[in-house]
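In: I would like the atomic coordinates for the input below:
(one chain, ligands or ions: 1)
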Amino acid sequence: MGQRTALITGASRGIGKACVEALAAAGHRVVLAARSVEKLEAVAAEMRASGPDTLVVEMDLSVSESIVNGIAKVVKEFGRIEILVNNAGITKDGLAVRMREEDWEAVLRTNLSGSFYAIQQVLPGMMRERWGRIVNISSVVGEMGNPGQANYVASKAGLIGLTKAIAKEVASRNITVNAVAPGFIETDMTTGLKDELKQRIIEETPLKRMGTSQDIANAVKFLVSDDASFITGHVLDVNGGIYM
Ligand code: NAP
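Out: Here you go, the predicted model:
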């Protein structure tokens with residue numbers, strides 16, 4: 001496969017950073033997006049040390065204007081974006097009865113609307129080139145539900161619907177759109193979980209461990225590769241078997 005330009009959102013740590021490393025290792029030019037440019041630059045410096053072309057772009061996925069401006073900057077620099085990994089995501093947990101409107105809105109805006117606006121910005125270029133790969137990072141809880149996360153679960157289930165709708169819209173242009181649904185992965189997002197809860201999750205996981213960011217990046221690397229050219233609208237579970 002030739003070198004493609006891949007934009008990864010939420011690229012400064014965790015799953016996003018692992019995707020950057022995996023796609024760069026696969027020979028792609030990587031563009032790192034998130035709110036904190038400083039943290040992105042630290043990741044980019046590691047990448048540049050080993051060679052690949054890397055660009056950092058400040059982007060707040062909760063603000064559509066920021067997405068439009070960020071992607072325009074990438075297109076100006078690299079010509080086009082051929083691979084989009086919608087990975088940036090946040091949680092603001094709480095029981096539904098007490099959930100504040102701002103917490104509902106913030107999670108939906110960042111995780112779901114942000115992904116949609118990013119897709120909207122990259123699609124015209126992909127359609128012109130008749131080649132594109134989009135991977136949306138959903139979650140196992142978007143498939144099975146989870147108490148205390150109505151906003152997050154709705155956003156992740158929404159991403160699965162979005163994946164399928166866009167997959168059908170752009171298939172004729174040779175653009176594939178898939179989702180990866182991680183189980184419980186060791187990252188900053190889950191370090192705050194109580195040890196007792198982590199133990200319970202591990203016990204309920206047939207493969208008896210939490211996942212790593214690399215487990216998810218491996219799935220993303222496959223879905224954007226030429227080997228996955230006949231796969232679209234799919235939700236790939238990478239969850240150790242906790243939900244089948
Ligand atoms: P993480 O360690 O918390 O990292 C989140 C990344 O998203 C950071 O780079 C962060 O950078 C960026 N981000 C947050 N809000 C943003 C915004 N408004 N605009 C742009 N970037 C933003 O998360 P993770 O655990 O790696 O998770 C990555 C994705 O996988 C998320 O979508 C998450 O929902 C999903 N997931 C995770 C797990 C898990 O167990 N960890 C399980 C299932 C699904 P800045 O703060 O600098 O913006």
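In: now the strands for the chain?
Out: Ranges of strands in the chain, per DSSP state E, are 5-9, 29-34, 54-58, 83-86, 132-137, 175-182, 235-238.
In: helices or strands next to the longest one in the packing?
Out: Looking back up the chat, that one is strand 175-182. Taking 3 or more C-beta pairs under 8 Å, 6 or more residues apart in numbering; DSSP states H and E as contact, the helices and strands that strand 175-182 lies on are helix 114-129, strand 132-137, helix 140-144, helix 150-170, helix 213-223, strand 235-238. C-beta coordinates here come from the backbone N, C-alpha and C atoms, glycine included.
In: again, only using 6 Å
Out: Packed against strand 175-182 by the contact rule (3 or more C-beta pairs under 6 Å, 6 or more residues apart in numbering; DSSP states H and E) you find strand 132-137, helix 150-170, helix 213-223, strand 235-238.
In: ok, now the third one?
Out: Where contact means 3+ C-beta pairs under 6 Å, 6+ apart, strand 54-58 is packed against strand 29-34, helix 37-49, helix 64-78.
In: can you pull the contacts of residue 87?
Out: Residues near residue 87 by C-beta atoms under 6 Å, 6 or more residues apart in numbering: 8, 9, 10, 15, 16, 137.
In: how many residues are close by the last one?
Out: It refers to residue 137. When neighbours are defined as other C-beta atoms under 10 Å, residue 137 has 26 of them.
In: quick check: bridge partners of it?
Out: Residue 137 has these beta-bridge partners by DSSP bridges: residue 180.
In: output the lowest mean pLDDT helix or strand found in the protein.
Out: Scoring the helices and strands of the chain by mean pLDDT, DSSP states H and E places helix 188-191 at the bottom, with a mean of 91.
In: hang on, the earlier thing: right, so of the helices and strands packed on strand 54-58, which gets closest to the ligand?
Out: Among the helices and strands packed on strand 54-58, strand 29-34 comes nearest to the ligand, with 3.5 Å by C-beta to the nearest ligand atom.
In: what strands flank that closest one, and is each parallel or antiparallel?
Out: strand 5-9 (parallel), strand 54-58 (parallel).
In: report the angle between the last one and helix 37-49.
Out: Think strand 54-58. 170 degrees (axes from the mean of the first three to the mean of the last three C-alpha atoms, to 10 degrees).
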